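A.B. asks: coords please:
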Amino acid sequence: MQSITFSDARKHFAATMNHVTNDAEPVRIMRRDAPDIG
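C.D. replies: Coordinates of the predicted model:
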């Protein structure tokens, strides 16, 4: 599972979604002062 920061997920949203879709691999989005998503 790939982990990226919330800021990077926002900056590269389309590429992140393509990665999830094409590779069928979940991505964990790490947030500051909040639980991770994923």
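A.B. asks: got the buried residues for the longest helix anywhere in the chain?
C.D. replies: Across the chain, the helix with the greatest residue count (assigned by DSSP state H) is helix 13-23. For helix 13-23, the neighbour count (16 or more other Cβ atoms under 10 Å) marks Thr16 as buried. C-beta: built from backbone N, CA, C; applies to glycine.
A.B. asks: From the rest of the structure, what touches the helix or strand just after that helix?
C.D. replies: Using DSSP states H and E, the helix or strand that follows helix 13-23 in sequence is strand 27-30. Contacts with strand 27-30, where a contact means Cβ atoms under 8 Å, 6 or more residues apart in numbering, come from 1-6, 9, 16, 19-20, 36-38.
A.B. asks: Can you pick out the ones from the residues you listed that are in helices?
C.D. replies: Using DSSP H, the contacts of strand 27-30 in helices are 6, 9, 16, 19-20.
A.B. asks: which one of those residues sits closest to Arg31?
C.D. replies: Checking the ones in helices among the contacts of strand 27-30 against Arg31 with Cβ to Cβ, the nearest one is Phe6 at 4.8 Å.
A.B. asks: now the residue nearest to that closest one when sequence neighbours are not counted: how far from Asp23?
C.D. replies: Counting by Cβ to Cβ, 6 or more residues apart in numbering, Arg31 is the residue found nearest to Phe6 once chain neighbours are left out, at 4.8 Å. As judged by Cβ to Cβ, to the nearest Å, Arg31 and Asp23 stand 23 Å apart.
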